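A.B. asks: give the three-dimensional model of this entry:
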Amino acid sequence: CGMLLIWMIQYLTFFPGGGMGDTINILNDPIGISLQHPIVYNLLFTYAFRFFHLFLDSTMALGCVTFIQMILCSIILSFVGYYLERATSSKYPAIILFLIYALVPIIGNSAMALVKDTPFSLMLLLLMINAYHLTQSSDKKYRYTYFLLFVVVSILRNNGIYIACATTFVLFFLEKNKKLWMVGSIMAIILSLTPSILVSSILQKEQLFQEKIAIPLQQIASVVKYDGNYDSEKEEIEAWMPIEQLKVSYLPTNCDSIKWGPYLNRDYLQDHKMEFIQTWFHLLPKNFTLYVKAWMAQTGGYWAPNTFQPTQSRFLGLEGPEFLNTEFKTKTFTSHDFVMFYLKTTVFFGCGTCLWIVIFLGLFAYYKKQYQKLIMLVPVLALILTLLISAPVSNLFRYTYIYLYFIPFWLLFVCFKKENTTSKKKRLHVDKK
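C.D. replies: The predicted model follows:
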C-alpha cells in the first residue's frame, strides 16, 4: 500500500498513465498486430480497456487499466521484499528495497507504463527467484511454479521463450530428476508456442520475418551505404528494397526506418527467407569489417557503459504522434513543479552500465562463494544475448526494465544473505567416508 501511495503522485501528475504508439496500435487491432506483439498481452490489455470503456470515457478507462497494472506491480514487488526478508532473516534489507522501489521515480514510472515490457520484466524477476529456490529445495511445488512462470514469461514477449529455455537448460544440469524436468520443459514449450501458432492459423500468416532480422538487415544496409562489396548480391537486395532507398533509410542505431519504412517489400521478404539468409552469408566474408561495425552500432547501447536514454523508456504521459488525433488526453492533477521534478529525476543508469553492474555483483557473489545465486544471472544474460542478436534499436531501456527491479534486489541479496554451506559440507564428509 505504501509503495502504491507514493507512486500515486506520479500517476496523478501524468494521468491516465504512460503510453506510446504500440499502446494505440494494440487497442485498435489486438488480433492483427499479434504478428508483432504477443497475443495474450494484447487481449488482456485491450479487453480490460474495453470493459472500463463501457462506463467511462477513453481517458478514464485507460487510467483504470493503468491503476490496475500499478496495483499488480506493487503486489509483486512487495512479495519480492517479503522474500528478501525471509531469505536474509532481517527486515532491514526489505525496508531498503521497499524505499528504493517506492522512491526511485523511474520505477514508479515503469509501473504506470502501458507497454508489455513492464509485466514481462516483473514475471522474469519472479522466474529468477524461483530458479534460485529450485537449487535450495526439492519441493515439487517450486517445479510447478517454475514451469508456470516459464509459460507466462514466454507469452508476454517474443524473446521470452528463448530466455526461459536458456534458464531451463542450465537448471537441467542441477536437477536430480532429469526425466521429470525434461517432460515439464517440453510441456511448457508447447504451451508457450500455442498462442502464436493459433494466431498464425487464424490470420493465415506467419509472424513477421522482419522482426527477427533487425541486425542482419542493418549489416546488409551498411554494406550498401558504405559501398561495400555486394555486386553479385545486388539483384537479390533490390528484390526486397531499392538500393538507393536502402542507402537513405539506413540509420546505424535504429532499424525501424528500414523495416517499417514504405520501401521495404515485406511480402517478398516473408516469402523468401532462405534467399535473404543466403545473401547475408554470401556478403559476410567480403564485408566482415562493415558487418562488425554495424553490429557494434546497433547493439552498443546494451553492452557499452553509457547514460540513460529516455526515448520509449520514460513515459511522462501519452507520448507520440499517434495520440494527437485520439480521445486520450494527458491530465495533470498536481502542479507544474511536479512535472518538472519528474522530468529531471525519471532516469537510471544506461543499459550497458547496468549490464556491467550486474556482472560486477555476480563476480562479487562468486568471490563470496555464493555459487547457487549465480543461477539468477542466467535470465538476465540470456535477455542481453537475444538483444545482441536481434535488437531493433540500440539502447532502448524499456527492453531491459528488469534492471530496475533486479539490481536493487540482487545487491541486497548478495550482501546480506550468507550461503548455507553446512549441508554441502556434510554431504562431502559422507562421500569421503
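
A.B. asks: now for Thr345, how many residues are close by?
C.D. replies: Look at Thr345: counted by other C-beta atoms under 10 Å, it has 11 neighbours. For glycine as for every other residue, the C-beta is placed from the backbone atoms N, C-alpha and C.

A.B. asks: over to Lys329?
C.D. replies: Using other C-beta under 10 Å, Lys329 has 14 neighbouring residues.

A.B. asks: now the one 10 residues further on
C.D. replies: The local packing of Val339 (other C-beta under 10 Å) involves 15 other residues.

A.B. asks: do the same with the one 4 residues further on
C.D. replies: Burial measure for Leu343: 13 neighbouring residues, criterion other C-beta under 10 Å.

A.B. asks: show me what contacts it?
C.D. replies: Residues in contact with Leu343 (C-beta atoms under 8 Å, 6 or more residues apart in numbering) are Leu316.

A.B. asks: how about Tyr405?
C.D. replies: Going by C-beta under 8 Å, 6+ apart, Tyr405 touches 77, 80, 101, 107, 121-122, 125.

A.B. asks: now with 10 Å?
C.D. replies: 73, 76-77, 80, 97, 100-101, 107, 110, 118, 121-122, 124-126, 128 (C-beta atoms under 10 Å, 6 or more residues apart in numbering).

A.B. asks: cool, and Leu388?
C.D. replies: By C-beta under 10 Å, 6+ apart, the contact list for Leu388 reads 215, 295, 298-300, 302-303.

A.B. asks: which of those ranks first by neighbour count?
C.D. replies: With neighbours defined as other C-beta under 10 Å, the most crowded of the contacts of Leu388 is Gln298; it has 28 neighbours.

A.B. asks: that one against Val393, yeah?
C.D. replies: Yes - look at Gln298 against Val393 with C-beta atoms under 10 Å: they come within range, at 8.2 Å.

A.B. asks: need the overlap of contacts for those two.
C.D. replies: Contacts common to Gln298 and Val393, judged by C-beta under 10 Å, 6+ apart, are 214, 251, 253-255, 387.

A.B. asks: and those residues, which is closest to Gln370?
C.D. replies: Each of the shared contacts of Gln298 and Val393 was checked against Gln370 using C-beta to C-beta; the closest is Leu387, at 26.8 Å.

A.B. asks: ok, now which ones touch the nearest residue to the closest one once chain neighbours are set aside?
C.D. replies: Leaving aside its sequence neighbours, Leu387 sits nearest to Tyr302 (C-beta to C-beta, 6 or more residues apart in numbering; 4.9 Å). Tyr302 sits next to 350-352, 354-355, 383-388, 391, 394-397, 399-400 when contact means C-beta under 10 Å, 6+ apart.

A.B. asks: about what we covered before: out of the contacts of Tyr405, which are inside helices?
C.D. replies: The helices, defined by DSSP state H, take in 73, 76-77, 80, 97, 100-101, 107, 110, 118, 121-122, 124-126, 128 from the contacts of Tyr405.

A.B. asks: if we can go back for a sec, in helices, which of the shared contacts of Gln298 and Val393 appear?
C.D. replies: Counting by DSSP H, these contribute 214, 387 to helices.

A.B. asks: buried sites along stretch 331-340?
C.D. replies: Neighbour-count burial for stretch 331-340, with 16 or more other C-beta atoms under 10 Å as criterion, is recorded at 334, 338.

A.B. asks: brain fart, stretch 47-60
C.D. replies: 48-49, 52-53, 58-59.

A.B. asks: over to stretch 92-108?
C.D. replies: Buried, per 16+ other C-beta under 10 Å, within stretch 92-108: 93-94, 96-98, 100-102, 104-108.

A.B. asks: please work out the average pLDDT along stretch 247-265.
C.D. replies: Averaged across stretch 247-265, pLDDT comes to 90.

A.B. asks: you'd agree Leu283 is up against Ile277?
C.D. replies: No - in this structure Leu283 lies outside contact range of Ile277 using C-beta under 10 Å: 11.0 Å.

A.B. asks: between these two, tell me which one has more neighbours.
C.D. replies: Leu283 (24 against 13).

A.B. asks: fine by me, thanks again.
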